[in-house]
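Participant: Have a look; sequence and predicted model below, questions after that.
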Amino acid sequence: MALPSSPAVRSVTTFTVTTMLRSRRHRLIVTAYLGLALAITTLSVIVAGGLRGTLAFNQPAISLLALPLVTMFFATLGLRAAFAVPSDLDANWVFRLSQPRLASVLDATVISLLLLSIVPVSTLAALGALALDWTPHDAATMATLDLLCGLALAEWALRDCRAVPFTWTRSGDAESLKSRWLGHIVPLILFAFVNAAIQRSVLRSNRAAAWYLGIVLTAWVVQRLRRQFAARNVSLQFDAVDSSRRNARTYAS
């Protein structure tokens, strides 16, 4: 396993974070995803308030617990989409020559998602909860739960990643993009709203919170091990392959 301090992981992480922060084009992609997250979270709060008549903001509620989870979900997917848009294809020769291991690249990409999405959202969620007069215990527990859920989300989002961010030419297959969006509906419901309902229950008991943390941690470890196993004999990609070419190869074989 590549450590965060290894040269390959460090260089890819630095390249990814720097490119993301400097590129207006890629920031706009993430902003579009965050706009969708804002619309969904606002609607969920309005619906929750309308169903109950009033919504108490000073205590954990499903709609409030779902806010950081929805934001984290779309921020992570937005970053994943931005990573697939090349910044400068002429610059990828550095990675073509050095050929870092795919496992190292994926470790660096996970760290980038942590720095750009998961940690900031979890931190802002805790600060927002404290500002709404939640107890420090509830705010800290929620932030910890969201952080671990974000780790599992990052592994899931990168399950089919085979390239250094911003260095590969993406496919323009519209059908693939449409099916990918449809495939995110159920994960969004499970990760954000079902997860928020579970979090509200476990916040009432430290023992339940410990069990929850253990389950999420186990899920993260399993996904990480599966990702590392799958990346052992796979090389980096620098050119996307659309679905028609994949199907042609499948039929030929």
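Facilitator: Yep, that arrived.
Participant: With adjacent residues omitted, what lies nearest to residue 155?
Facilitator: residue 223 (3.8 Å; Cβ to Cβ, 6 or more residues apart in numbering). (C-beta placed from N, C-alpha, C; glycine too.)
Participant: ok, the one you found touching residue 152?
Facilitator: Yes - counting by Cβ atoms under 8 Å, residue 152 is a contact partner of residue 223 at 6.2 Å.
Participant: re the thing from before, next, count neighbours for the residue nearest to residue 155.
Facilitator: 18 (other Cβ atoms under 10 Å).
Participant: In a strand, it, correct?
Facilitator: No - counting by DSSP: H, G, I helix; E, B strand; the rest coil, residue 223 falls outside a strand, being helix.
Participant: quick one: pLDDT of it?
Facilitator: The per-residue pLDDT reported for residue 223 equals 91.
Participant: Also residue 245?
Facilitator: Reading off the model, residue 245 has pLDDT 43.
Participant: ok, now which ones touch the spatially most central residue of the chain?
Facilitator: Taking Cα atoms, centre = their mean, the centroid of the chain lies closest to residue 76, which sits 3.1 Å from it. Residue 76 is in contact with 113, 117, 118, 150, 153, 154, 157, counting by Cβ atoms under 8 Å, 6 or more residues apart in numbering.
Participant: Now, those that are in helices?
Facilitator: Judged by DSSP state H, the contacts of residue 76 include 113, 150, 153, 154, 157 as members of helices.
Participant: Could you list the low-confidence segments of the stretch 1-150 of the chain?
Facilitator: Residues of the stretch 1-150 of the chain meeting the criterion pLDDT under 70: 1-5, 50-54, 88-91.
Participant: If we use 50, what do you get?
Facilitator: Applying pLDDT under 50 to the stretch 1-150 of the chain flags residues 1-3.
Participant: And the helices in it?
Facilitator: 7-22, 24-52, 62-83, 93-98, 102-113, 119-131, 136-157 (DSSP state H, counting those that start in this stretch).
Participant: And those helices: which comes nearest residue 193?
Facilitator: helix 62-83 (5.3 Å; Cβ to Cβ).
Participant: and the closest one with helix 119-131, angle?
Facilitator: 160 degrees (axes from the mean of the first three to the mean of the last three Cα atoms, to 10 degrees).
Participant: Could the C-alpha coordinates of helix 62-83 be exported in PDB?
Facilitator: Extracted C-alpha coordinates of helix 62-83, given in PDB (Å, rounded to 0.1, in the frame of the first residue of the first chain):
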ATOM      1  CA  ILE A  62     -33.300  13.900   9.500                       C
ATOM      2  CA  SER A  63     -33.500  16.800   7.100                       C
ATOM      3  CA  LEU A  64     -30.700  18.600   8.900                       C
ATOM      4  CA  LEU A  65     -28.500  15.600   9.200                       C
ATOM      5  CA  ALA A  66     -29.000  15.000   5.500                       C
ATOM      6  CA  LEU A  67     -27.600  18.400   4.500                       C
ATOM      7  CA  PRO A  68     -23.900  17.600   4.800                       C
ATOM      8  CA  LEU A  69     -24.400  14.100   3.400                       C
ATOM      9  CA  VAL A  70     -26.200  15.400   0.300                       C
ATOM     10  CA  THR A  71     -23.500  18.100  -0.100                       C
ATOM     11  CA  MET A  72     -20.700  15.600   0.300                       C
ATOM     12  CA  PHE A  73     -22.300  13.200  -2.200                       C
ATOM     13  CA  PHE A  74     -22.600  15.800  -4.900                       C
ATOM     14  CA  ALA A  75     -19.300  17.500  -4.100                       C
ATOM     15  CA  THR A  76     -17.500  14.100  -4.500                       C
ATOM     16  CA  LEU A  77     -19.300  13.300  -7.700                       C
ATOM     17  CA  GLY A  78     -18.600  16.800  -9.000                       C
ATOM     18  CA  LEU A  79     -14.900  16.400  -8.300                       C
ATOM     19  CA  ARG A  80     -15.000  12.900  -9.900                       C
ATOM     20  CA  ALA A  81     -16.500  14.500 -13.000                       C
ATOM     21  CA  ALA A  82     -14.000  17.300 -13.000                       C
ATOM     22  CA  PHE A  83     -11.100  14.900 -12.700                       C
END
